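Trainee: The sequence isn't on hand, but the structure is:
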């Protein structure tokens, strides 16, 4: 192979090649880290929510006035909302999934604070709760109407019925190694027992960036007010009309209740993930552009080299080099420049990945991404040099005899 | 000479329009991406009360769980909120010039004469010192005094927006509104006031909406209102009344103090240490003594308001700009070397090396200025597009991504400086080449 002569020609006139190598090195560092970050974010955003968020909406309601009977207001409103065509189910609840605000507690597998307490987000709901969020029970059953506690006085204690529906991820942490959880009893720090009557395979809590996002439980109760959310699930394709109908009906029915803005859960989800989406968009664009510019850089260098060496190519052709030899020369030269960049780029990418992970608490760079980046850049480099190399091969042997 | 070099530069652009466009585009895209990420970064890194930044302080004490620090990743961090009892103690020291104790509550506001559509309003229960401490602009009236704090007297300050809805924007001072089923007398109406980030309440979101009204802090306890923001607890306590809640280890209150002299800062720090040490004797504060007194800048950093994502994006954006510039250097080099025979002729006719250098540097400068301007426009388009996208899901997008001249000028300056640096090497290379070698072959 003609590696030695290519190398010595490269070293003779190294400025352009050096620039392209540096460019490729930085490109590799950017691409590998950006693609890694982006894919992690996409993974996060596309986790299943476990609820039917595309057909759900919610709104804050606040009762006011001297004679406010909050529970009566909620009961009447629920009858009204559930009677509107297109509504599948509705529940009063202070906590809404995907929204970024909610409540949490820490629960023990044993009384008297024995065992490891597991943090959990909880939703207080009535008997239509499960249907209103569209979550599927893997085991057991949901709450009966009689189990719902309409709490008379504010307090931190767990619901009187002692029933709870919980997520599998949470229960598996509390009872490692167990398969079935119906009938298990869990305790808060006051040792009040709550018996698991149903298990949900997948459901997310209120905070999507929480590392225990799948630790969730449903509690059968309605608080003391005076504010609460009404969470409504609709039939597919009818959410916009149902939202308008519900808002109009509620506003008309009771003058001592403020109807807050109704909002779709899909929009809440988008908002909760807007930071991730923004990262994905900006880094996605940067990645695409940086690869394009590296291509152009390689293309530019190869073209420049071919242009300045037409006489030399002509001479080589005149003394017997085949077209293939000429094309191969430029492809190998380009491969060497790319490889130099890739080697430095690997170091740079690893350093940048390490620095990002220690400084900003991001995950450590996965090496598969580095391998992928190296292979990708090699391919891109050869593609970019393809056209100039073919042009070089077409230089006629007669060029050797010309002066320019 | 400069005019002549400019003419030469434009003649050279005409010879290779594609290559020139490519160079301008490379710089423009690099600058545009930097501008977009810088805009988000600078919005969050902004200090909206810079003039008083080093006399306003947030006291922080660590009352958390002996076994689990508040922030498991950064165990040295104190909680970012206070218990009710500690907050009350921290504002009754008599040392600071101004004291603020506050939290956020929510309830329905209306008018007895039914001149207002009832609505749920977020209200900041706070001290009268809030207004002078944070230099709030008043449209009508003013805040309240310490006597109103102590009462508490039913006085209320409305935001401009809420005054618009409640009183159609007229001077409402002296009139009354009903909130939490109680009459409050309007003493002041704020003018437009939108500090960004919302430095005085970053615990509940640095870009969250401003409150609609302000009432004396003590009404919160009197009405037994829980926080409409974050509340965190760690300790096993039976909390069966609001009174017990205010005595618990749950945190939900914020305090700010204004300490105008270093002596006062020292005295306040000493007071905090004494307070926590005394509380330890009573069996509280099981963690090691770890008090913090953060000024505005320090508090914004402590809460990582800028966020790791924004920093990472800025770093990657500048790395991208570096690639774009190296690309331009390479293209300039190729272009100049291709045209070396012309430079050879000029040298032979008497142009000095320096003349050749300057001539080519002018050409590089024109490319970078064009790239900078195109990049600024492209960047503005990018910010505009992101705002349009953000606007669908977030109401406060204008604060997250403001249009501002600062970032724009910064971007153009970066591009010109970077462009000239990028042109330096190719210009130097061409200036150095010997004229004879190019004349020979002609």
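Mentor: Happy to help now that I have it. Note that the coordinates shown come from a computational prediction; the quantities given were computed from them, not determined experimentally.
Trainee: give me the residue from the stretch 101-250 of chain A nearest chain B.
Mentor: residue A:189 (4.3 Å; CB to the nearest CB). Backbone N, C-alpha and C define where each C-beta goes, glycine included.
Trainee: and that residue, what does it touch?
Mentor: Residues near residue A:189 by CB atoms under 8 Å, 6 or more residues apart in numbering or on different chains: A:106, A:108, A:113, A:117, B:236.
Trainee: Tell me who's in contact with the fourth one.
Mentor: This points to residue A:117. A:106-108, A:189.
Trainee: Now for residue B:40, how many residues are close by?
Mentor: Counted with other CB atoms under 10 Å in any protein chain shown, the neighbours of residue B:40 add up to 23.
Trainee: Helices along the stretch 101-250 of chain B, start to end?
Mentor: B:130-133, B:146-150, B:160-167, B:218-222, B:242-246 (DSSP state H, counting those that start in this stretch).
Trainee: looking at those helices, which is closest to chain A?
Mentor: Of those, nearest to chain A by CB to the nearest CB is helix B:242-246, at 7.9 Å.
Trainee: That closest one - contacts with which helices or strands?
Mentor: If you count contacts as 3 or more CB pairs under 8 Å, 6 or more residues apart in numbering or on different chains; DSSP states H and E, helix B:242-246 packs onto helix B:84-90.
Trainee: Near chain B, which residues of the stretch 51-200 of chain A? Just list them.
Mentor: Proximity of the stretch 51-200 of chain A to chain B (CB under 8 Å from any CB of the partner chain) is limited to residues A:60, A:62-66, A:113, A:154-156, A:189-190.
Trainee: Which one of those residues sits in the busiest neighbourhood?
Mentor: Using other CB under 10 Å as the neighbour criterion, residue A:62 leads those with 23 neighbours.
Trainee: low-confidence ranges in the chain?
Mentor: No chain in the question, so chain A it is. A:1, A:361, A:402-404 (pLDDT under 70).
Trainee: nope, chain B please
Mentor: Scanning chain B residue by residue, the ranges that satisfy pLDDT under 70 are B:435-442.
Trainee: which helix of it spans the most residues?
Mentor: Longest helix in chain B by number of residues (criterion: DSSP state H): helix B:353-391.
Trainee: and after that helix, which helix or strand comes next?
Mentor: Reading on from helix B:353-391 to the C-terminus, the next helix or strand found by DSSP states H and E is helix B:397-400.
Trainee: by contact count, what packs against that next one?
Mentor: helix B:17-45, helix B:353-391.
Trainee: tell me which parts of the stretch 251-400 of chain B are close to chain A?
Mentor: Where the stretch 251-400 of chain B comes near chain A, counting by CB under 8 Å from any CB, the residues are B:307-309, B:311-313, B:315-317, B:319-320, B:322-324, B:326-327, B:329-331, B:333-334, B:337-338, B:386, B:389-390, B:392-394.
Trainee: how does chain A divide up, domain by domain?
Mentor: According to automatic domain parsing, chain A comprises the domains A:3-46+A:275-401, A:65-255.
Trainee: Give me the phi and psi for the spatially closest residue to residue B:71 that is not a sequence neighbour.
Mentor: Among residues not flanking residue B:71 along the chain, residue B:77 sits closest, at 4.4 Å (CB to CB, 6 or more residues apart in numbering or on different chains). Reported as degrees, to the nearest 10, the phi and psi values for residue B:77 are phi -80, psi 130.
Trainee: Appreciated, that's everything.
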